[in-house]
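Visitor: Following is a predicted model, sequence given first.
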Amino acid sequence: MFIFIIVLAIVAVLIVIVAIHDLTQKKDPILRNYPVVGHGRHVLSELGPKIRQYIVADNNEERPFNRDDREWVYRSADKSNNYFGFGTDNDFTGSRGYLIIKQTTFPLFDPQPEDPDYDPNYTLCCAKVLGQARGRKQAFTPQSIINISAMSYGSLSAPAVEAMSRGAAICGCLQNTGEGGVSPHHDHGSDLVWQLGTGYYGARAGDGTFDEKRFVETCQKYNIKAIEVKISQGAKPGRGGVLPGKKVTPEIAAIRGIPVGQSCLSPNAHRMFGNADQMLDFVERLAELSGLPVGIKSAVGQLDFWHDLVKLMESGSRGIDFLAIDGGEGGTGAAPLTFSDHVSLPFKLGFHRVHGIFQQAGLGDDVVFVGSGKLGLPEETLLAMAMGCDMVHVARTAMLAIGCIQAQICHTGKCPTGVATQDKWLMRGLDPTDKGARLANYITVLRKEVLQLCRACGVDHPSKMTLDHFETIDDGFRAEAISKSFG
């Protein structure tokens, strides 16, 4: 009884202390007006998104990836049963722009596990040779139409980057380094696309400009297959990359050439060029120094740049080898809300416009087109290929495959699964070997299901899909061919 009284007294004293603090502080009016009990609001605000994710939201309600999407990725990564029973729970006629894939009456034969020509890996090579049109010394055919999109070491943890590298090596896909430079954690067997952003990390001079010597040294040190010059990212075009100071460890600072513990804010524009003409000079210099194919990544807004680029490339003396178009719905670790929500066109509109400019100029066959921006599900990959993509790059679904739970706190450095953090305790929960295998499983299953969809439509490769294979359904049973939507 005596101990109980002491506990009550301690609790009472703590409540009084909290009440005094709340009444005297001036930052939070709720706590000032409602001492102690006002903390309940903060608790509910913190728990609200988690409650909605697991209890309140239905299977198709959440964004950016709903519960069905995440469950399909998780089951595919686990190599468990990724089928769903009792039919669809989607509302075909109540959803504006609901995508329908039109199968043929007589599909192509789909080998089963007991058939002698069954291929469990379902490797789908790119239909073009990357760098061939420009005669690059190290031109190559990408062995997978689905590859890992740009995610920097720093934004992701070391175990997460290593898992991506191991998984990419297993399933034979490319791994994009992101703009944070190439690290030892990328060096676990994967073929790399080295992304050079506005900070030129990994090839950065002391004044923040491009260092040719460091660039060549890095190309020689790592298994780099192509160079990607990042013009802009779909989630925050016109803004540079953001790496919070909590994530800038001594190792990351050394790789990037920046101060330890300070937020890394990449410039919003390149210092080495300021227009399409200067950019092509930079691209050709990178190709000359490395012998590698060189391309660009960009979101799509105003079209002046694209018209200028095509006009400059028509002579054949200079040009990009590949073009990665990122949609405004693409992901990022940290970005201003307005930029994420309202700046740059969504992938389908942006890609269609830019791809059309290249096609009209007769340059469509000279460039490998890459799509990114929430394309990591079979139907989205297939539609992107039908629109003209030669490859698709995935990021957030790859993160889901290695354990991400869509907590949407990447910018805080407190990722509970150790994927998007530099916290040593949180990182210890992510085993790169296990998660690398999961990533490989996901990419393999995604390729397999894309190929199964192709065969259902009567073609043997996604590059042969056309927009005539798709329709969209709107309210009231109205349907329209996608080819008309983009006509």
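Guide: Cool, got the structure. Bear in mind the structure is a predicted one, so any value in this text is a computation, not a measurement. Numbers count the residues shown, from 1 in each chain.

Visitor: Please report phi then psi for the closest residue in space to residue 221 that isn't next to it in sequence.
Guide: Counting by CB to CB, 6 or more residues apart in numbering, residue 221 lies nearest to residue 182, which is 7.7 Å off, once chain neighbours are set aside. In this view, the C-beta of every residue, glycine as well, is placed from N, C-alpha and C. Per-residue torsions, residue 182: phi -90, psi 130 (degrees, to the nearest 10).

Visitor: what ranges of the stretch 51-200 of the chain fall below the confidence cut-off?
Guide: 51-61, 93-95, 120-122 (pLDDT under 70).

Visitor: can you give me the strands for it?
Guide: Under the criterion DSSP state E, counting those that start in this stretch, the stretch 51-200 of the chain contains strands at 98-101, 146-148, 174-176, 191-196.

Visitor: ditto for the stretch 351-487 of the chain
Guide: Using DSSP E, counting those that start in this stretch, the strands of the stretch 351-487 of the chain run over residues 368-372, 391-394, 470-474, 478-481.

Visitor: Save those as JSON lines, and put in mean pLDDT and distance to residue 140 too.
Guide: Compiled in JSON lines, these are given as follows (pLDDT from 0 to 100; distance: least, CB to CB, whole Å):
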{"stretch": "strand 368-372", "mean pLDDT": "97", "distance to residue 140": "11"}
{"stretch": "strand 391-394", "mean pLDDT": "98", "distance to residue 140": "13"}
{"stretch": "strand 470-474", "mean pLDDT": "88", "distance to residue 140": "31"}
{"stretch": "strand 478-481", "mean pLDDT": "80", "distance to residue 140": "36"}
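
Visitor: so which of the ones you listed gets nearest residue 5?
Guide: strand 391-394 (60.4 Å; CB to CB).

Visitor: Which residues does the closest one contact?
Guide: 126, 142, 144-150, 176, 324, 368-372, 375-376, 381, 384-385, 443, 446 (CB atoms under 8 Å, 6 or more residues apart in numbering).

Visitor: State the distance from the residue nearest to residue 249 when sequence neighbours are not counted to residue 346.
Guide: Nearest residue to residue 249, sequence neighbours excluded (CB to CB, 6+ apart): residue 422, at 5.4 Å. With distances taken as CB to CB, to the nearest Å, residue 422 is found 32 Å from residue 346.

Visitor: Those two: which is more packed in?
Guide: Between residue 422 and residue 346, counted using other CB atoms under 10 Å, residue 422 has the larger neighbour count: 23 against 16.

Visitor: show me the residues around that one that make contact.
Guide: Applying CB under 8 Å, 6+ apart, one finds that residue 422 lies in contact with 154, 157, 246-247, 249, 252, 413.

Visitor: And residue 262, by the same measure?
Guide: By CB under 8 Å, 6+ apart, the residues touching residue 262 are 245, 248.

Visitor: And the pLDDT at it?
Guide: Listed pLDDT for residue 262 reads 83.

Visitor: Leaving out sequence neighbours, find the closest residue to the residue most central in space within the chain.
Guide: Nearest to the geometric centre of the chain sits residue 395, at 2.8 Å (CA atoms, centre = their mean). Using CB to CB, 6+ apart and skipping the chain neighbours, the partner closest in space to residue 395 is residue 149 (3.9 Å).

Visitor: Count residues in the vicinity of that neighbour, would you?
Guide: Counted with other CB under 10 Å, residues neighbouring residue 149 total 28.

Visitor: next one: residue 313
Guide: 20.

Visitor: Tell me how the chain divides into domains.
Guide: 2-56, 146-455 (automatic domain parsing).

Visitor: I'd like those domains as TSV, with distance to residue 472 appended.
Guide: Formatted as TSV, these follow (distance: least, CB to CB, whole Å):
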stretch	distance to residue 472
domain 2-56	28
domain 146-455	10
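
Visitor: Quick one: closest of those to residue 96.
Guide: Each of the domains of the chain has some distance to residue 96 by CB to CB; the shortest is domain 146-455, at 14.0 Å.

Visitor: Quick one: end-to-end distance for the closest one.
Guide: Terminal residues of domain 146-455 are spaced 18 Å apart (CA to CA, to the nearest Å).

Visitor: From the chain's centre, how far out is it? Work that out for me.
Guide: Chain-centre distance of domain 146-455: 7 Å, with CA atoms, centre = their mean, to the nearest Å.

Visitor: Name the single longest helix found in the chain.
Guide: The residue-count maximum for a helix in the chain (DSSP state H) belongs to helix 432-456.

Visitor: Against which helices or strands is it packed?
Guide: Contacts defined by 3 or more CB pairs under 8 Å, 6 or more residues apart in numbering; DSSP states H and E place helix 432-456 against helix 67-78, strand 146-148, helix 158-171, helix 378-387, helix 396-401.

Visitor: Out of these, flag the one nearest residue 341.
Guide: Between these, helix 396-401 lies closest to residue 341; by CB to CB that is 16.6 Å.

Visitor: Buried ones in the longest helix of the chain, by neighbour count?
Guide: For helix 432-456, burial by neighbour count (16 or more other CB atoms under 10 Å) applies to 432, 435-451, 453-456.

Visitor: Report the inter-axis angle for that helix versus helix 158-171.
Guide: For helix 432-456 and helix 158-171, the angle between their directions (axes from the mean of the first three to the mean of the last three CA atoms, to 10 degrees) works out to 40 degrees.

Visitor: tell me the average confidence for helix 432-456?
Guide: The average pLDDT within helix 432-456 is 95.

Visitor: Same question for stretch 315-325.
Guide: Rounded to a whole number, the mean pLDDT of stretch 315-325 is 96.

Visitor: burial of the residue nearest to residue 397 when sequence neighbours are not counted, as a residue count?
Guide: Of all residues not flanking residue 397 in the chain, residue 376 sits nearest, at 3.0 Å (CB to CB, 6+ apart). Counted with other CB under 10 Å, the neighbours of residue 376 add up to 26.

Visitor: Same check on the one 3 residues further on?
Guide: Here the count is done by other CB under 10 Å, and residue 379 has 15 residues near it.

Visitor: go on, residue 428?
Guide: Neighbour count of residue 428, defined by other CB under 10 Å: 11.

Visitor: From residue 159, how far out is it?
Guide: Distance, residue 428 to residue 159, by CB to CB: 8 Å.

Visitor: Could you tell me which residues touch both of those two?
Guide: Common neighbours of residue 428 and residue 159 (CB under 8 Å, 6+ apart) are residue 418.

Visitor: The residue nearest to residue 233 when sequence neighbours are not counted: how many residues sit nearby?
Guide: Nearest in space to residue 233, with sequence neighbours left out and distances taken as CB to CB, 6+ apart, is residue 326 at 5.8 Å. When counting by other CB under 10 Å, one arrives at 31 neighbours for residue 326.

Visitor: And residue 250, by the same measure?
Guide: The local packing of residue 250 (other CB under 10 Å) involves 9 other residues.

Visitor: likewise residue 472?
Guide: Neighbour number of residue 472 under other CB under 10 Å is 17.

Visitor: hang on, isn't it packed against residue 479?
Guide: Yes - between residue 472 and residue 479 there is a contact at 6.9 Å, judged by CB atoms under 8 Å.

Visitor: Which neighbours do these two have in common?
Guide: By the contact definition CB under 8 Å, 6+ apart, residue 472 and residue 479 are jointly contacted by residue 100.

Visitor: ok, back up a step: of the domains of the chain, which approaches residue 115 most closely?
Guide: domain 146-455 (13.3 Å).

Visitor: Which helix or strand lies directly C-terminal to the host helix or strand of residue 286?
Guide: When secondary structure is defined by DSSP states H and E, residue 286 falls within helix 276-290. Downstream of helix 276-290, the first helix or strand assigned by DSSP H and E is strand 294-298.
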